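Enquirer: generate coordinates for the sequence data below:
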Amino acid sequence: MRHTLHPKHKVESTGGIDTLALIVSIIQPLTTLPQIYIVFAEQNASQISLFMWTGYNVASVILLIYGFKHKLLPVICAQILWIVVQTAMMIAVFLF
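Expert: Numbers count the residues shown, from 1 in each chain. Here you go, the predicted structure:
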């Protein structure tokens, strides 16, 4: 049996913005990797603010919860990746 959406629940075409948002949500957090590499390679985190990276991480957790609640894949992907890179930077601050 074929299921169709009720006209009230029509899925709108987004013109590719959803795909673009998903791509950006993956690429943007990865732009932090060179900074993390430099900190670990030089073993120097003296110029890194733990307060700032902790704030970013708290915001990412809130936005991740929001993304799950509203089933927003780009938000979920971005925040998971941000949490990973931000946590790596926080670890670097503690280590160096």
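
Enquirer: ok now do residue 53, which residues does it touch?
Expert: Residue 53 makes contact with 86, 89-90, 93, according to CB atoms under 8 Å, 6 or more residues apart in numbering. C-beta: built from backbone N, CA, C; applies to glycine.

Enquirer: likewise for residue 22?
Expert: Contacts of residue 22 by CB under 8 Å, 6+ apart are 73-74, 77.

Enquirer: try it again with 6 Å
Expert: Going by CB atoms under 6 Å, 6 or more residues apart in numbering, residue 22 touches residue 74.

Enquirer: scan the protein for its longest helix.
Expert: The residue-count maximum for a helix in the chain (DSSP state H) belongs to helix 73-95.

Enquirer: quick one: buried residues of that one?
Expert: Residues of helix 73-95 classed as buried: 74-79, 81-83, 85-86, 88-90, 92-93 (neighbour count, 16 or more other CB atoms under 10 Å).

Enquirer: same question for stretch 59-71.
Expert: The neighbour-count check on stretch 59-71 (16+ other CB under 10 Å) flags 60, 63-64, 67 as buried.

Enquirer: do the same with stretch 26-37
Expert: Neighbour-count burial for stretch 26-37 flags 29, 32, 36 (criterion: 16+ other CB under 10 Å).

Enquirer: from residue 57, how far off is residue 51?
Expert: Per CB to CB, to the nearest Å, residue 51 is found 11 Å from residue 57.

Enquirer: beyond the one helix or strand residue 21 maps to, next helix or strand please.
Expert: Element membership of residue 21 [criterion: DSSP states H and E] is helix 17-30. The helix or strand immediately downstream of helix 17-30 is helix 33-42, counting by DSSP H and E.

Enquirer: now intersect the buried residues of stretch 59-71 with the helices, please.
Expert: Counted as lying in helices by DSSP H, out of these, are 60, 63-64, 67.
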